[in-house]
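Undergrad: Sequence and predicted structure are below.
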Amino acid sequence: MSFRRGALSPVSALALAPFALALLAQEPAGAPLVYSVDRRDPWNILHSLLLTEPEGAERPRPLPGWAGDDPPDFFFLVDPGPPDSGPRLQRLVERLENQARPPHVKGRTIEARVLFQQELWRIFDQTFRRENAAPPELRDPLGRLLARLSPTPAELGQLRPNWPDIARAFPMLEAGLLQGAGGWRELRAVFPSTQGTTLHAAVAGHRRLFRVFARLPPGASAAHLGPPEARVGLPLGSQVVLVESLIALASTGELHPVPLTVGVELRQTRPAGRPGSPVRAVLHASRLALSRGERAGGGLRAIPEDALVRGSLTCYGFKQPLEPLRTACNRCHGGSGRLLQTGAVGSVFSLETLDPDNTREQDAVLRVKAASPEYRALAGFFRAARAPRQE
């Protein structure tokens with residue numbers, strides 16, 4: 001399927017409809033609060049200029065806790081919808097160029113720089129798309145800005161993991177989950193090709209890492225999951241957690257995984273003989289909270305069960321109707337929460353269970369991203385930024 005330029009595509013609708021921002025006037029002084037509490041902050045203004053509102057877009061009520069200004073960014077993972085022509089595109093290019101001139105990160109936290117980097121990086125990558133691409137005029141200014149605002153490897157190494165803060169705030173999660181405490185294991189799909197990663201990571205352009213952890217009920221083992229072609233689901237009473245973290249760009253241009261968790265999806269399948277729906281929770285980062293260095297809850301907020309979301313959340317990059325979170329999860333995982341979607345992906349070869357203290361999925365994501373043409377092009381801007389200037 002193809003779409004003419006300027007038409008509303010399913011991907012654009014997914015990314016933009018839920019929390020689309022109004023177009024700014026010639027002087028965009030009323031930008032949303034995303035990276036600071038100053039509506040005149042250049043990064044807030046750039047965020048607003050990089051998003052457009054499709055005509056007739058379906059608009060839900062704002063999620064509680066985000067006040068409409070800083071919605072969970074999984075709504076914008078697929079297509080940013082920047083302006084493709086006219087004065088607004090020119091203003092955007094000019095603002096990107098201005099931000100690339102020092103001082104460009106004064107007073108910013110490392111968290112803010114990584115999160116803003118994610119927004120710019122997503123759009124840079126989409127200038128390489130064949131359909132519904134971001135305007136090519138944005139590629140050079142975005143590349144130069146990314147090369148100049150990216151933290152050094154030492155600065156990225158200073159980022160403190162926010163998982164302990166998340167676990168303290170949300171009792172359904174355990175502080176030792178990522179280390180395998182309490183019987184947690186990582187479930188990882190194995191593909192015939194070394195290019196295989198989670199579908200979530202592919203939708204996010206391999207700029208993010210998604211890992212699946214499970215704890216099976218007493219008496220159950222990984223053997224109960226069976227091969228993908230015969231899998232009927234998790235044993236009743238199982239717990240599953242999807243953890244989303246970021247891949248950052250260091251000032252050297254290298255890909256650098258950081259211990260900043262920005263999303264958690266948890267479900268517990270209904271135990272045998274017990275009526276009712278599965279226990280579930282979806283948490284996602286507030287960019288404003290993390291950018292300001294707030295560590296309460298690790299910067300994550302719980303999305304209410306009746307909040308209107310796209311059914312796919314971080315998976316599947318196409319338009320789906322808005323629906324309450326409580327029914328959106330059932331669409332993929334069933335009413336009991338037992339279904340593992342890895343079995344529905346045709347290219348999955350097998351499913352392995354691992355001690356969580358491993359880097360296999362991370363290594364796969366880094367390998368795919370490093371081989372991509374958009375990353376190789378972006379690395380050139382970082383080399384140019386480090387090259388000695390000719391007098």
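TA: All right, it came through fine. Numbers count the residues shown, from 1 in each chain.

Undergrad: Can you give me every residue that contacts Pro388?
TA: For Pro388, no contacting residues are found, by CB atoms under 8 Å, 6 or more residues apart in numbering. For every residue, glycine as well, the C-beta is placed using N, CA and C.

Undergrad: Check what pLDDT it gets.
TA: pLDDT, Pro388: 74.

Undergrad: does it count as helix, strand or coil?
TA: Following DSSP: H, G, I helix; E, B strand; the rest coil, Pro388 is assigned to coil.

Undergrad: For the stretch 151-300 of the chain, just list every one of the helices.
TA: For the stretch 151-300 of the chain, the helices defined by DSSP state H, counting those that start in this stretch occupy 153-157, 163-169, 199-203, 287-291.

Undergrad: Show me what the top helix by length along the chain is packed up against.
TA: Ranked by number of residues, the top helix in the chain under DSSP state H is helix 110-126. Counting contacts by 3 or more CB pairs under 8 Å, 6 or more residues apart in numbering; DSSP states H and E, helix 110-126 is packed against helix 42-49, helix 139-149, helix 153-157, strand 239-249, strand 255-268, helix 287-291, helix 373-386.

Undergrad: For Leu354, find the nearest of these.
TA: For Leu354, the closest of the helices and strands packed on helix 110-126 is strand 239-249, at 13.8 Å, according to CB to CB.

Undergrad: Quickly run through the sheet partners of the closest one, with directions.
TA: Its sheet considered, strand 239-249 pairs with strand 208-215 (antiparallel), strand 255-268 (antiparallel) by DSSP bridges.

Undergrad: can you list the ones you listed in TSV and add mean pLDDT?
TA: Listed next are the strands paired with strand 239-249 as TSV, based on pLDDT from 0 to 100:
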stretch	mean pLDDT
strand 208-215	93
strand 255-268	94
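
Undergrad: got the buried residues for stretch 258-270?
TA: Buried residues in stretch 258-270, counted by 16 or more other CB atoms under 10 Å: 258, 260-270.

Undergrad: Now do the contacts for the closest residue to Ala31 other than its chain neighbours.
TA: Of all residues not flanking Ala31 in the chain, Asn44 sits nearest, at 3.9 Å (CB to CB, 6 or more residues apart in numbering). When contacts are counted by CB under 8 Å, 6+ apart, Asn44 touches 31-36, 38.

Undergrad: Quick one, which of these are buried?
TA: Neighbour-count burial (16+ other CB under 10 Å) is assigned, among those, to 31-36.

Undergrad: I'd like the buried residues of stretch 258-270 laid out as JSON lines, including distance to Gly182.
TA: Output for the buried residues of stretch 258-270, formatted as JSON lines (distance: CB to CB, whole Å):
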{"residue": "Val258", "distance to Gly182": "25"}
{"residue": "Leu260", "distance to Gly182": "23"}
{"residue": "Thr261", "distance to Gly182": "18"}
{"residue": "Val262", "distance to Gly182": "23"}
{"residue": "Gly263", "distance to Gly182": "21"}
{"residue": "Val264", "distance to Gly182": "16"}
{"residue": "Glu265", "distance to Gly182": "18"}
{"residue": "Leu266", "distance to Gly182": "14"}
{"residue": "Arg267", "distance to Gly182": "17"}
{"residue": "Gln268", "distance to Gly182": "14"}
{"residue": "Thr269", "distance to Gly182": "17"}
{"residue": "Arg270", "distance to Gly182": "20"}
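
Undergrad: Could you tell me which residues make contact with Ile303?
TA: Here Ile303 is in contact with 63, 72, 282-284, 309, 325 (CB under 8 Å, 6+ apart).

Undergrad: any idea how far Val37 lies from Gln118?
TA: From Val37 across to Gln118, the span is 20 Å (CB to CB, to the nearest Å).

Undergrad: Comparing these two, which shows the higher neighbour count?
TA: Neighbours per residue, other CB atoms under 10 Å: of Val37 and Gln118, the larger number sits with Gln118, 22 against 11.

Undergrad: I'd assumed Leu246 was in contact with the more buried one.
TA: Yes - counting by CB atoms under 8 Å, Leu246 is a contact partner of Gln118 at 6.4 Å.

Undergrad: Touching both of the two, which residues are there?
TA: With CB under 8 Å, 6+ apart as the test, Gln118 and Leu246 both reach 207-208.

Undergrad: among the buried ones among the contacts of Asn44, which are in strands?
TA: With strands defined by DSSP state E, no entry of the buried ones among the contacts of Asn44 lies inside them.

Undergrad: which of those sit farthest apart?
TA: Spanning the widest gap among these are Pro32 and Ser36, at 10.7 Å by CB to CB.
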